[in-house]
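> 3D model of this:
(one chain, ligands or ions: 2)
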Amino acid sequence: MNDPQPAAAAVPGAAPRRYQSGFGNEFASEALPGALPAGRNSPQRVAHGLFAELLSGSAFTAPRHLNLRSWLYRRQPSVVVGGYAPYAQPYWKTGAKDGVACPPDPLRWHPPPLPDAPTDFVDGLRTVVVNGDAEAQTGMAAHVYLANRSMQGRALVDADGELLLVPQQGRLTITTELGVLEVVPGEIALLPRGLAFRIDLDGPSRGYVCENYGAPFRLPELGPIGSNGLANPRDFLAPVAAVEPAPAGGTTLIRKVGGALWQAQLPGTPFDVVAWHGRLAPLKYDTATFMVIGSISFDHPDPSIFTVLTSATDTPGTANCDFVIFPPRWMVAEDTFRPPWYHRNVMSEFMGLVHGQYDAKPEGFRPGGMSLHNALVPHGPDAEAFDKASLAALAPHKLDHTLAFMFESRWRFHPTAYALQEAPRDLAYASCWAPLARPAV
Ligand SMILES: O=C(O)Cc1cc(O)ccc1O
Ligand SMILES: [Fe+2]
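Ligands and ions are numbered 1, 2, ... in the order given. Below is the predicted model of the structure:
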């Protein structure tokens, strides 16, 4: 068992939230002493009259190092739920089939505005790009959430995919079946497929979501880097067991399955797990703990050195999705054009900016904005960045106060109708390269 780690108080004066540490660890936690069975998973009678329930995140027979499951000891098993009726959320799209035709231009969006009307995380989700097929457990969607209200009396279960949340504005308090995660911009959250959760806000909130239909995210291999570096396992934090009293009116459970949303009434609450153990757990991670590796001689390395998490496919090294960050770091390379090179990548790149400036696009790419450079679509530094970097004195330079990220996928992204018609697209994006002049030779 891992000792719960106290973390900084989320709200000044409040008791610090407690977490357990370590990506892929066998966690164990109980909110009530003796609730966790010792030495077995399914005793004839669980202590305190609790019900034992298994939640799996991989096939029973998945190899040991990829096997994910947790045992939950709860007041009522999740099978106690009313019938489902359709729930209308027309902006939440699923899989390549929900994309619309789009020319192979590079695309960019300014930050989508926050809503005026009361809107929670579920209703405030807007799908921007989609690929793959949730039914085939392949591909992903990139969404933004634009919300100003907590999920009052509601909980969400996404059976289509795991969710990677990248908050850009506003603190998220994510109550899950396995406990509570507090997540602020600069941190990320990873919510396993099928786990019920509720998101409470502290004000107007915007952020990005990767809904991963494919293999669960895991840490990338480190190869010659060795046993340390990039995202270190111990910096991933899982919650401790926490129980909520059942609200008088029960809970509205929203369940996403096969691209459709459904709602049902729970007599109690999904947040009644008194104890749990296992490797399948929601996690948070602070990107400030990412150990950045870069060039200390010359040339600009591939962005794969910034991979935090990867969702693999059956083809080695060719990801369903890599989650890549561009955090603060020193640039020291000699005789080198330091920003990203011009390139045509066979993989597809969706990017967002949490705060600060991105070195390849110092002006037009704004915090809360997005860009899409699909497979083999040419892109690279804008003309301003090119001129500046070509003439800069190559002293050590700190790229500071910045956090950009990329969802990189082997599958081409299809923008949604929302992305092309409603979201604030930067229609002049391609003109940022127009001043790049032909030399006289
Ligand atoms: O296009 C981008 O801005 C992302 C990116 C960054 C980088 O340093 C190298 C390649 C790449 O695709
Ligand atoms: Fe790129």
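
> regarding R234, what is its secondary structure?
helix (DSSP: H, G, I helix; E, B strand; the rest coil).

> just K97 next, same as before
helix.

> make 44 the first number, not 1, from now on.
All right, first residue 44 from here; so that's K140.

> what's the pLDDT at it?
Here the pLDDT value assigned to K140 is 98.

> for the residue nearest to it when sequence neighbours are not counted, what are its contacts?
Leaving aside its chain neighbours, K140 sits nearest to D176 (7.3 Å; criterion: CB to CB, 6 or more residues apart in numbering). All C-beta spots, glycine's among them, are computed from the backbone N, C-alpha and C. By CB atoms under 8 Å, 6 or more residues apart in numbering, D176 lies in contact with G138, A139, K140, G182, Y256.

> residue of the stretch 144-293 of the chain closest to ligand 1, please.
Minimum separation of the stretch 144-293 of the chain from ligand 1 (CB to the nearest ligand atom) falls at P149, amounting to 9.5 Å.

> doesn't G423 make contact with that residue?
No - using CB atoms under 8 Å, P149 makes no contact with G423, being 9.8 Å away.

> how about the contacts made by Y116?
73, 78-80, 89-90, 93-96, 316-319.

> over to E427?
So E427 contacts P405, E406, C475 (CB under 8 Å, 6+ apart).

> separation between the last one and ligand 1?
What it means is C475. 12 Å (CB to the nearest ligand atom, to the nearest Å).

> go on, the second one?
In this structure, E406 lies at 14 Å from ligand 1, with CB to the nearest ligand atom as the measure.

> just S64 next, same as before
With CB to the nearest ligand atom as the criterion, S64 and ligand 1 are 30 Å apart.

> do you know the pLDDT at that residue?
At S64, pLDDT is 98.

> burial check on it, number of neighbours?
S64: 18 surrounding residues under other CB atoms under 10 Å.

> ok, which stretches of this protein are helices?
Assigned by DSSP state H, the helices in the chain fall at 426-434, 460.

> out of those helices, the one nearest ligand 1 is which?
helix 426-434 (10.1 Å).

> how far away is the residue nearest to E178 when sequence neighbours are not counted from D201?
Closest residue to E178 apart from its sequence neighbours, by CB to CB, 6+ apart: G301 at 6.0 Å. For G301, the distance to D201 equals 11 Å [CB to CB, to the nearest Å].

> okay, the two: which has more neighbours?
D201 (25 against 12).

> ok, the closest residue to the more buried one other than its chain neighbours - how many residues close by?
Nearest non-adjacent residue to D201, counting by CB to CB, 6+ apart: K299, 4.7 Å away. By other CB under 10 Å, 23 other residues sit near K299.

> so G250 sits against L206, correct?
No - counting by CB under 8 Å, G250 does not reach L206; the two are 11.0 Å apart.

> the more surrounded of these two?
G250 (26 against 23).

> which residues does the more buried one bridge with?
Y188, P210 (DSSP bridges).

> for V171, which residues are in contact?
152, 184-187, 393, 413, 415, 458-459, 461-462, 466 are the contacts of V171 under CB under 8 Å, 6+ apart.

> next, name the residue at the spatial heart of the protein.
In the chain, the residue lying closest to the centroid (CA atoms, centre = their mean) is L207, at 1.8 Å.

> excluding its backbone neighbours, what's nearest that residue?
C253 (4.1 Å).

> that neighbour against A185, yeah?
Yes - counting by CB under 8 Å, C253 does reach A185; the two are 6.0 Å apart.

> joint contacts of the two?
Contacts common to C253 and A185, judged by CB under 8 Å, 6+ apart, are F450.

> run through the bridge partners of the residue nearest to K140.
The partner residues for D176, given DSSP bridges, come to T181.

> could you measure from it over to D163?
28 Å.

> equivalent analysis for N255, please.
22 Å.
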